[in-house]
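Engineer: mind looking at a prediction? Sequence and model below.
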Amino acid sequence: MTENLNDVMRSATENLHPNIGMLTAGGVARGVRKRRNRRIMQIAGATASVTAVFGVVAMVGMPGKGTTAGVSAASGTQGSPVAGAAAAGQGSKPLDTSTEAAPGPGKPIANPVTGDQMATWLQQVLQPYHFTGEEVLYKQGSDGPAGPFATLRIGYDGQAGSTSLAVERATWQSGGGTLPPYNSTTQLPDGSHLDVFNGPEWPAGNGDPSAKRIQVTWYRTDGTAIDLQVLNAVQEKGSTTATSLGLTVAQATKVVQSPVWAKAVASVLAQQEPNKPGSTSSPAVPPAR
Amino acid sequence: MAKHDEEFLEFASARTPHLFRTAYLMSGDWHQAEDLVQETLGKVYAVWGRKRRIENPDAYAQTVLTRTFISARRKRSSRELPSSQLPEAEFHEADTSLRMTLLEGLAALPAKDRAVLVLRFWEDRSVEEVAHIMGASSGAVRTRTNRALARLRGALGDLLPDLALT
């Protein structure tokens, strides 16, 4: 028999063998959601700040008659998402002209892209799939803290889901070892990589079992990544609103590889590369006990 | 796969078994322990790869797990459904009795008492480390440890006669 509490605890738990892969996958899935929620909160906060500043400017600059118009204009990014995207669409170039390559050395610096453009491009690239009731849920331009992205509500088969596309600076690194469940990675002929998650939103089985997710991330050779997430729910962590997903992995792959994102990629590349926080100073991982 | 994701998976694979055992001792429930570990890994992943790197991921994850456990217990205390049976898992018969006895004893304690005992005796953390993790003073940790040990002794009774709660 054991002699102290430490030994008792050790003996009582030494034969517990959790499913490491499942727990890790579940943890990563939750972490991804937390990161996205944090981004959304940052954007919402920034938008509210801009709205407040414009509101104050309008009140100060146009006393008596310009207040309402000023606030209304400033808060336009929050109102009527579809109308906003449609309006932006008037100023954005059609699909076939927006596929110019990202600027290379010696080429002019790319212009920033707006959240409205991102939403419009996402709507354009989804046109072949004939979704109905599209609505822009979230959007951000290349000058935002999280980089350019757009999230759309999509309707299909009388149901609704969502798609979210983001362009960011990221490079693919070999994970080595075994990938978590529902993940796969493919190296393409040009040296780029395609990471795919296709499985339940709660891989560990501790959430809504009907929630599904496809996430395709295309790690390009230029140091950017285009990421598309497809949910059978309109809102992340919300209840499911469709029995199936609106896109297949193949369709989602076509979306991320569409040349329509060239301007967004160029805008990301044109931004100053963030300081690499000690790429060799990864967190020390002491040995497990 | 991005480099920071690769690093995180390496960290998670190495630490998940230990985190799970800690979570299991604290919660006394296999499923809650799984949930707690995933929530902990999710929180760590959410900050992994930021410019300000986590200096000690192990300690950080331990702190996150403990605080998440205490917080969750506060939120869930009114809607938990206690069960007298443990979920099926790959237990070895030899230590099942010991585990059941220990978990029964721990289950009789308040969440913070359980956490302080697990941290002090399973994690081998110092009083100061436990105080930091739990956001309490060293004095409060000492007091709670002594009180929790006394409660555990009372809860176990004769079940573990050789157990020296020191």
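Structural biologist: Cool, got the structure.

Engineer: quick one, domains of the chain?
Structural biologist: By default, I'm working from chain A. A:20-73, A:81-270 (automatic domain parsing).

Engineer: that was the other one, I meant chain B.
Structural biologist: If you go by automatic domain parsing, chain B breaks into B:1-74, B:93-159.

Engineer: export the domains of chain A to TSV and tack on mean neighbour count, mean pLDDT and distance to residue B:128?
Structural biologist: Quick note: C-beta positions are derived from backbone N, CA and C, even for glycine. Listed next are those as TSV, based on neighbours: other C-beta atoms under 10 Å in any protein chain shown; pLDDT from 0 to 100; distance: least, C-beta to C-beta, whole Å:
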stretch	mean neighbour count	mean pLDDT	distance to residue B:128
domain A:20-73	16	68	28
domain A:81-270	18	80	34
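
Engineer: out of those, which is closest to chain B?
Structural biologist: domain A:20-73 (2.4 Å; C-beta to the nearest C-beta).

Engineer: can you tell me the helix or strand for residue 42?
Structural biologist: Went with chain A since none was named. Assigned by DSSP states H and E, residue A:42 belongs to helix A:20-61.

Engineer: you answered for a different chain; I wanted chain B.
Structural biologist: helix B:30-47.

Engineer: give the other helices and strands that that helix contacts.
Structural biologist: helix A:20-61, helix B:3-27, helix B:57-76 (3 or more C-beta pairs under 8 Å, 6 or more residues apart in numbering or on different chains; DSSP states H and E).

Engineer: would you agree residue A:180 is in contact with residue A:20?
Structural biologist: No - contact criterion C-beta atoms under 8 Å: residue A:180 and residue A:20 do not qualify, at 9.5 Å.

Engineer: what's the overlap in contacts for these two?
Structural biologist: Common contact partners of residue A:180 and residue A:20 (C-beta atoms under 8 Å, 6 or more residues apart in numbering or on different chains): none.

Engineer: separation between the closest residue to residue B:42 other than its chain neighbours and residue A:210?
Structural biologist: Closest residue to residue B:42 apart from its sequence neighbours, by C-beta to C-beta, 6 or more residues apart in numbering or on different chains: residue A:30 at 2.8 Å. Shown here: residue A:30 relative to residue A:210, a distance of 18 Å by C-beta to C-beta, to the nearest Å.

Engineer: what's the answer for residue B:3, then?
Structural biologist: Distance from residue B:3 to residue A:210, by C-beta to C-beta: 34 Å.

Engineer: and stretch B:116-127, does that touch chain A?
Structural biologist: Yes - Stretch B:116-127 reaches chain A (C-beta under 8 Å from any C-beta of the partner chain) through B:117, B:118, B:121, B:122, B:124.

Engineer: how far out from the middle of the chain is that stretch?
Structural biologist: Put simply, stretch B:116-127 sits 10 Å off its chain's centre (C-alpha atoms, centre = their mean, to the nearest Å).

Engineer: show me what it is in contact with.
Structural biologist: Against stretch B:116-127 from outside (C-beta under 8 Å, 6+ apart): A:4-6, A:9-10, A:13, B:21-22, B:25-26, B:62, B:66, B:106, B:109, B:129-130, B:133-134, B:138, B:141-142, B:144-145, B:148-149, B:152.

Engineer: who touches residue B:8 in this structure?
Structural biologist: By C-beta under 8 Å, 6+ apart, the neighbours of residue B:8 are A:28, A:31, B:44, B:45, B:48, B:49.

Engineer: do residue B:24 as well
Structural biologist: A:13, A:16, B:30, B:33.

Engineer: now the residues you listed as a markdown table including distance to residue A:42 and neighbour count?
Structural biologist: Output for the contacts of residue B:24, formatted as a markdown table (distance: C-beta to C-beta, whole Å; neighbours: other C-beta atoms under 10 Å in any protein chain shown):
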| residue | distance to residue A:42 | neighbour count |
| --- | --- | --- |
| A:13 | 40 | 21 |
| A:16 | 39 | 19 |
| B:30 | 36 | 18 |
| B:33 | 32 | 25 |
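
Engineer: am I right that residue A:165 is in a strand?
Structural biologist: Yes - Residue A:165 sits within a strand when classified using DSSP: H, G, I helix; E, B strand; the rest coil.

Engineer: does it touch residue A:140 like I think?
Structural biologist: No - counting by C-beta under 8 Å, residue A:165 sits too far from residue A:140 to count as a contact (11.2 Å).

Engineer: okay, and the common contacts of these two?
Structural biologist: A:118, A:149, A:150.

Engineer: quick one, phi/psi of residue A:194?
Structural biologist: phi -120, psi 110 (degrees, to the nearest 10).

Engineer: could you find the closest non-adjacent residue to it?
Structural biologist: residue A:186 is the one closest to residue A:194 (C-beta to C-beta, 6+ apart), at 4.6 Å.

Engineer: strand partners (parallel or antiparallel) of the helix or strand where the one you found lies?
Structural biologist: Assessed by DSSP H and E, residue A:186 sits inside strand A:183-187. Neighbouring strands of strand A:183-187 in its sheet, by DSSP bridges, are strand A:193-200 (antiparallel).

Engineer: and the angle for whichever helix or strand comes after the strand it pairs with with strand A:183-187?
Structural biologist: The element immediately downstream of strand A:193-200 (helix or strand, assigned by DSSP H and E) is strand A:212-219. Comparing the axes of strand A:212-219 and strand A:183-187 via axes from the mean of the first three to the mean of the last three C-alpha atoms, to 10 degrees yields an angle of 30 degrees.

Engineer: pLDDT-wise, which helix or strand of chain B ranks last?
Structural biologist: helix B:93-107 (a mean of 74; mean pLDDT, DSSP states H and E).
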